[in-house]
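*Asks:* A structural model of the following input is requested.
(one chain, ligands or ions: 1)
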Amino acid sequence: MSRESIVALDKRRIWHPYTAMDDYRARVDPIVVDRASGPYLYDLDGRSYIDANSSWWVSSLGHNHPRLVEVLKRQAERNCHSALAGMTHEVAALLGEALCSVAPAGLERVFFSDDGSTAVEVALKASLQYWSQNGRPSRKRFVSLEDAFHGETLGATAIGGVELFRRPFAGAIPEHVRVPSPTRAGGLEPAVEILSAVLRQQGETLAAMVLEPVVQGAAGMQIYDPAYLRAARELCDEHEVLLIADEVFTGYGRTGPMWACEHAGVAPDLLCTAKGFTGGILPMAATLVSERIFEGFLGSADRAFHYGHSFCGNPLGAAVALEVLRIYREERIIEAAAPRAARIAAAFEALAELPSVARSRSLGMIGAVDLCGDSGYLARAGWRVYEEARRRGAYLRPMGNVVYVAPPLNIPEDTLGRLLEIVRESIESLTAHPG
Ligand SMILES: *Cc1c(COP(=O)(O)O)cnc(C)c1O
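*Replies:* This next block holds a predicted model:
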């Protein structure tokens, strides 16, 4: 098909995610991806783009990693899907073992689902049911952070803190408790004090605290002091509130260590993983839980976790996710990312001096700047940078006025260098042609 006919068909039928569709139809000339390889997307005209956000944070090993494609083909010939209800298969069993062996201490059991949102949904429902059948039925609510993002299902939306994403559902989703992160509260101490007061006053009604450890991704790469995590762990213990770490974005070395919880030396009671876990190949996710939570579902059949998506433990996804962990180990992905992370840190620190940059930050394989001017998810300056970057060969989708990179952890050094140049040139062009 020609590029034009694909775009025409798309514009007639497709409703795009997080996209103002009238603007898209009238003005957007989309990149039409033909194939993808390593850090690159190639469009139908043969132009290449460095994928600065690993396609919404999933392709942490780059696109179409040859080992993952090979494993996918082999598994497809053997078994594309069989249910996990009372049956099992080799790759699910091996993946459960491999995942627990790299997980924070105490996470011993794995529940598979489809994506980040369902991984969070599993954690929410498991926490609620745990308390309901283990003597504390009053624990029915969650505490989460302002600006939090935990996914798209109604349950995950209810604990989310991005106002724009919640507003249409106000009144239709349960009200939970939100507390400010250290960034929002004006520092670590006030944030911990607020959390402490909330847990003291409402602890008996709370099933769990949910948070994105250290980096709130969808809030615009907001990085907070890991000491807050340690304090949250202690306070949750004190008030018998479970701690759910949503590592859907931060896991798999995105922030440096395998898990962002490691910045604080903290282990949660439940941990959600997806995105990097999938190798960017197939929808797949896992929720890890402690032995104590798992045991809370033992006994008579009505105490079982009556939950499970059709594709729970999908063999294709599991085979790929298992190979992802092998690649991490054998290619020392996390250790090898350290010099790249240092380059991102240096480049973003230098961006802070540009007149159109209000604030800059970085952690691990994440670098972000806030552009000056209007803020919020619907701000436009980020899109002007996007257009500039696209002309220079990078896909640099912004979040409002936040321009960021979260490239594959194994992006070749020279490609990373070029990407960082493109980011700089594209932001500089804002002042060259103020619009
Ligand atoms: C992306 C994300 C989710 C949702 O994952 P999906 O795969 O998009 O459903 C949940 N939590 C965090 C922290 C995320 O970044």
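
*Asks:* Near residue 418, how many other residues are there?
*Replies:* In terms of burial, residue 418 registers 17 neighbours under the definition other Cβ atoms under 10 Å. Quick note: C-beta positions are derived from backbone N, CA and C, even for glycine.

*Asks:* what's the closest non-adjacent residue to it?
*Replies:* Residue nearest to residue 418 in three dimensions, not counting chain neighbours: residue 50, with 6.7 Å by Cβ to Cβ, 6 or more residues apart in numbering.

*Asks:* Next, count neighbours for that neighbour.
*Replies:* Residue 50 has 25 neighbouring residues, counting by other Cβ under 10 Å.

*Asks:* Quick check: it touching residue 412?
*Replies:* No: applying Cβ atoms under 8 Å, one finds residue 50 not in contact with residue 412, separated by 10.2 Å.

*Asks:* got a list of what the residue of the stretch 301-435 of the chain found nearest the ligand touches?
*Replies:* Nearest residue of the stretch 301-435 of the chain to the ligand, counting by Cβ to the nearest ligand atom: residue 406, 10.2 Å away. The neighbours of residue 406, taking Cβ atoms under 8 Å, 6 or more residues apart in numbering as the test, are 52, 53, 54, 57, 217, 221, 254, 365, 366.

*Asks:* What about these, which one has the most neighbours?
*Replies:* Comparing the contacts of residue 406 by number of neighbours (other Cβ under 10 Å), residue 254 comes first, having 30 neighbours.

*Asks:* which SSE is that residue in?
*Replies:* When secondary structure is defined using DSSP states H and E, no element contains residue 254, which sits outside every helix and strand.

*Asks:* what's near enough to touch it?
*Replies:* For residue 254, the residues meeting the contact criterion (Cβ under 8 Å, 6+ apart) are 57, 60, 215, 260, 276, 364, 365, 366, 406, 409.

*Asks:* buried ones in the strand or helix carrying the residue nearest to residue 418?
*Replies:* Counting by DSSP H and E, the element that carries residue 50 is strand 48-51. The neighbour-count check on strand 48-51 (16 or more other Cβ atoms under 10 Å) flags 49, 50, 51 as buried.

*Asks:* pLDDT averaged over stretch 308-317 - what is it?
*Replies:* Across stretch 308-317, the average pLDDT comes to 97.

*Asks:* Stretch 114-121 now?
*Replies:* Averaging pLDDT along stretch 114-121 yields 98.

*Asks:* which stretches of the stretch 51-200 of the chain form helices?
*Replies:* 54-57, 66-78, 90-102, 116-132, 154-158, 163-166, 182-185, 188-202 (DSSP state H, counting those that start in this stretch).

*Asks:* The ligand is nearest to which of those helices?
*Replies:* The ligand lies closest, by Cβ to the nearest ligand atom, to one member of the helices of the stretch 51-200 of the chain: helix 116-132, at 2.0 Å.

*Asks:* Assign a three-state SS to the spatially most central residue of the chain, would you?
*Replies:* To find the centre residue of the chain, average its C-alpha atoms and take the closest one (Cα atoms, centre = their mean): that gives residue 249, at 2.3 Å. Going by DSSP: H, G, I helix; E, B strand; the rest coil, the secondary structure assigned to residue 249 is coil.
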